[in-house]
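**Q** Below are the sequence and a predicted model; questions follow.
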Amino acid sequence: MPSVSVEDVKEILIKRDEEFARIYRKHRELDEKVTKLEELHHLTPEEEIQEKTMKKDKLRLKDEMAEMIKAYQESH
């Protein structure tokens with residue numbers, strides 16, 4: 001049986017798993033906020049801290065999604 005692609009699993013989990021959907025939305029929200037900060041030419045010290053914190057949170061959420069995707073792929 002062919003394995004399901006990561007993108008396909010992501011779409012399945014967004015529709016079927018509320019926790020995955022919540023994590024996915026939060027990750028996208030952080031991505032947008034980080035992008036906006038990166039577009040600024042000069043960041044205040046507070047903005048730099050905020051950017052670093054958001055990037056860490058975003059990475060943590062990405063890792064959580066990857067684990068959920070892996071678990072889905074292994075069980076199907």
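**A** Structure received.
**Q** Could you list the low-confidence segments of this protein?
**A** For the chain, the stretches with pLDDT under 70 are 1-2.
**Q** List the buried residues of the helix ranked longest in it.
**A** Longest among the helix segments of the chain by residue count, using DSSP state H, is helix 45-75. Within helix 45-75, the residues scored as buried using 16 or more other C-beta atoms under 10 Å are Glu51, Met54, Lys58, Leu61, Glu64, Met65, Met68, Ile69, Tyr72. (Each C-beta comes from the backbone N, C-alpha and C, glycine too.)
**Q** what residue is smack in the middle of the protein?
**A** His27 (3.4 Å; C-alpha atoms, centre = their mean).
**Q** can you tell me how far Phe20 sits from Pro45?
**A** 35 Å (C-beta to C-beta, to the nearest Å).
**Q** how about the helix or strand that contains Ile23: buried residues?
**A** In this assignment (DSSP states H and E), Ile23 forms part of helix 18-39. For helix 18-39, the neighbour count (16+ other C-beta under 10 Å) marks Phe20, Ile23, Tyr24, His27, Leu30, Val34 as buried.
**Q** so how far is that helix from its chain's centroid?
**A** 6 Å (C-alpha atoms, centre = their mean, to the nearest Å).
**Q** what does it rub up against?
**A** 10, 13-15, 43, 47, 50-51, 54-55, 57-58, 61-62, 64-65, 68 (C-beta atoms under 8 Å, 6 or more residues apart in numbering).
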